[in-house]
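S.K.: Okay, here's the prediction I keep looking at, along with the sequence it came from:
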Amino acid sequence: MVSLFHSLVYTGLLVCAFLLDGPQPYTFILGLTHGLIWIGMSITSLYAVHYRVINLRLALAIALLGCIAPFFGSFEFLRQSRHGHPGPRGAEAS
């Protein structure tokens, strides 16, 4: 859910910065929000991999690609949810 919200914030930032010619303080607020969410999601995804809640592929999509295009993390999250990949814990149970 946070990943989808992050994608919406990033979309708003792109619209403000490029289509609306960077109106302040909206561009600053959206940029700061994007950065803080990305940092928080990156740290959280590292812990989630460590505790086997998510797999490494999803964590890498969030941490490495999330700063420039959070849509990759959202896409990967939705793809894994749709295909029924429960992550490492589900693999241990079978």
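M.R.: Thanks, I have it. Numbering: from 1, shown residues only.
S.K.: Residue 37: helix or strand, and which one exactly?
M.R.: helix 26-50 (DSSP states H and E).
S.K.: Which parts of that helix count as buried, going by neighbours?
M.R.: The neighbour-count check on helix 26-50 (16 or more other Cβ atoms under 10 Å) flags 27, 30-31, 33-34, 37-38, 41-42, 44-45, 48-49 as buried. Backbone N, C-alpha and C define where each C-beta goes, glycine included.
S.K.: Can you list the low-confidence ranges for this structure?
M.R.: The chain contains residues with pLDDT under 70 at 73, 84-94.
S.K.: Now the element after the helix holding residue 37, going C-ward?
M.R.: From helix 26-50, the next helix or strand downstream (DSSP H and E) is helix 56-65.
S.K.: Packing partners of that following helix?
M.R.: Where contact means 3 or more Cβ pairs under 8 Å, 6 or more residues apart in numbering; DSSP states H and E, helix 56-65 is packed against helix 26-50, helix 71-82.
S.K.: quick one: contacts of that helix?
M.R.: 3, 41-42, 45-46, 48-49, 72-73, 75-77, 80, 87 (Cβ atoms under 8 Å, 6 or more residues apart in numbering).
S.K.: one more time with 7 Å, if that's ok
M.R.: Residues outside helix 56-65 that contact it (Cβ atoms under 7 Å, 6 or more residues apart in numbering) are 3, 41-42, 45-46, 48-49, 72-73, 76-77, 80.
S.K.: I'd say residue 70 and residue 10 touch.
M.R.: Yes: because the distance of 4.9 Å satisfies Cβ atoms under 7 Å, residue 70 is recorded as touching residue 10.
S.K.: quick one on the thing from earlier: how far off centre is the helix holding residue 37?
M.R.: 8 Å (Cα atoms, centre = their mean, to the nearest Å).
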